[in-house]
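Peer 1: I'll drop the sequence and a predicted model, then ask my questions.
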Amino acid sequence: MSRSERKLDHIRHALSHKRDAHNHFDDIDLIHQSLTDLDWEHLDLSTKVGELKLSSPLFINAMTGGGGKKTIEINQSLARVSAQTGISMAVGSQMAAIKDKIERPSFEIVRKENPHGVILANVGSESTVEQALDAVDMVGANALQIHVNTLQELIMPEGDRDFTSRSKNIENIVRSLPIPVIIKEVGYGMSKETVEHLSSLGVTYIDVGGRGGTNFSRVENLRREKPLTAFENWGIPTPISLIEAENTSKELHVIASGGVRNGLDGAKALVLGAQAFGMAGSLLRTLVEQGEEAVVSNIHFITRELKMAMMLLGTSKLSDLRGKSYVTTGKTNDWVEQRSLR
Ligand code: FNR
């Protein structure tokens, strides 16, 4: 199977695999406020994630890339959507393109289609500083994501098994790059211990990338003859990860992703301490099944839901959402109590 065929397989499985029956964002209840003095037209959706200035907290999170015709088309469409809506976009892992020039066009096209927008480059934690700089250069990136995906690698038959240099690589890249470097999970979430460890390496930007949406254990198992099903429910759900991150002593720039379904989930993420939230699988599904215009209208719809939540919580500025009171129920509450969080 060629690399581009493997990527298409990946996309197909990412869109079709079984989702969790329960989404932990449903365990977070925000507190309704009956009276508001706000004007819809004056709700401000701009946000700052450290040095990154974004016109909206919603962004298209890292997905695909590579030399195949289909992956070029997908990235071209996503880049056009991000340019049209003004939201930022992360590209998928550029590791293959760093090693093989034939893979580069699907990344370079993102900057061509969106010359002025905020674009995030993406590498794995096996990357050297030189490779990270190459990835940034390839898309004229405003920030770099470094994804950490230990379990995905362990499930992939051809995946990495030696992780001894990962912390050192992250530390070196964070120290050397002149732009924000975001350490990102791919759907298994981050614990407070992970966040503290990252912070000790000099990391100040994290995307908790929690469980609840695209599930890479299931995606990779669909490609294995003998699936490792025991690990299909592994990982920390996104809202819990955010609470974990809030419970560290470190002042970090936190991004939420993994299982964000709508603007209300996004608002909950911001209440729990995130400054932006990413969506991947659900936007890709809309693109593949309904086309580019449907993704644009989806983004407008999600933005509208977010503004409705702001109105109902009485906040005209996104940064005022952080720390608004909320109630945890169900499994999330069990977790919060047993880990002595909040
Ligand atoms: C991804 N994701 C991902 N992440 C990353 O850092 N580098 C990558 O190359 C990819 N590739 C990729 C391909 C496809 C097809 C999907 C659907 C996703 C992970 C993605 O950015 C995100 O962290 C997870 O998908 C969780 O978010 P959702 O899908 O639940 O919104």
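Peer 2: Arrived safely, thanks for sending. Numbers count the residues shown, from 1 in each chain.
Peer 1: tell me the pLDDT at residue 67?
Peer 2: Turning to residue 67, the model gives it a pLDDT of 72.
Peer 1: So it is in contact with residue 102, correct?
Peer 2: Yes - Residue 67 is within contact range of residue 102, at 4.6 Å (criterion: Cβ atoms under 8 Å). No exception for glycine: its C-beta is placed from N, CA and C like everyone else's.
Peer 1: Leaving out the residues flanking it, which one is nearest to the residue in the stretch 201-342 of the chain positioned nearest to the ligand?
Peer 2: Nearest residue of the stretch 201-342 of the chain to the ligand: residue 213, at 1.9 Å (Cβ to the nearest ligand atom). Using Cβ to Cβ, 6 or more residues apart in numbering and skipping the chain neighbours, the partner closest in space to residue 213 is residue 259 (3.4 Å).
Peer 1: Would you mind listing the residues in contact with the one you found?
Peer 2: Counting by Cβ atoms under 8 Å, 6 or more residues apart in numbering, residue 259 touches 20, 23-25, 210-213, 237-238, 265.
Peer 1: Turn these into TSV, including pLDDT.
Peer 2: Output for the contacts of residue 259, formatted as TSV (pLDDT from 0 to 100):
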residue	pLDDT
20	92
23	98
24	98
25	98
210	98
211	98
212	98
213	98
237	98
238	98
265	98
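Peer 1: could you flag which of these are buried?
Peer 2: Among those, the ones that count as buried by 16 or more other Cβ atoms under 10 Å are 23-25, 210-213, 237-238, 265.
Peer 1: still on that earlier bit, on the three-state scheme, the residue nearest to residue 213 is what?
Peer 2: Assigned with DSSP: H, G, I helix; E, B strand; the rest coil, residue 259 falls in the coil class.
Peer 1: Please apply the same query to residue 121.
Peer 2: With three-state DSSP as the basis, residue 121 sits in strand.
Peer 1: Contacts only, for it.
Peer 2: Counting by Cβ under 8 Å, 6+ apart, residue 121 touches 90-91, 94, 132, 135-136, 138-139, 141, 143-145.
Peer 1: closest to the ligand among these?
Peer 2: Looking across the contacts of residue 121 and measuring by Cβ to the nearest ligand atom, the closest to the ligand is residue 145, at 5.7 Å.
Peer 1: list the buried ones in the least confident helix or strand in the chain by mean pLDDT?
Peer 2: Of all helical and strand segments in the chain, the minimum by mean pLDDT, DSSP states H and E falls on helix 3-16, at a mean of 86. By 16+ other Cβ under 10 Å, the buried positions in helix 3-16 come out as 4, 7-8, 10-11, 13-15.
Peer 1: Check those residues and tell me the two furthest apart.
Peer 2: Using Cβ to Cβ, those span at most 16.9 Å, a distance reached by 4 and 15.
Peer 1: So which bits of this structure are right by the ligand?
Peer 2: Taking Cβ under 6 Å from any ligand atom as the contact definition, the chain meets the ligand at 10-11, 14, 61-64, 92-93, 122, 145, 147, 184, 186-187, 209, 213-214, 257-260, 279-282, 284.
Peer 1: from the residues you listed, which ones fall inside strands?
Peer 2: Judged by DSSP state E, the residues of the chain next to the ligand include 122, 145, 147, 184, 257, 279 as members of strands.
Peer 1: so what pLDDT did the third one get?
Peer 2: Among the per-residue scores, residue 147 shows a pLDDT of 98.
Peer 1: what's the closest residue to it other than its chain neighbours in contact with, if anything?
Peer 2: Closest residue to residue 147 apart from its sequence neighbours, by Cβ to Cβ, 6+ apart: residue 184 at 5.0 Å. The contact partners of residue 184, taken as Cβ under 8 Å, 6+ apart, are 62, 122, 145-148, 206-207, 209, 255, 257.
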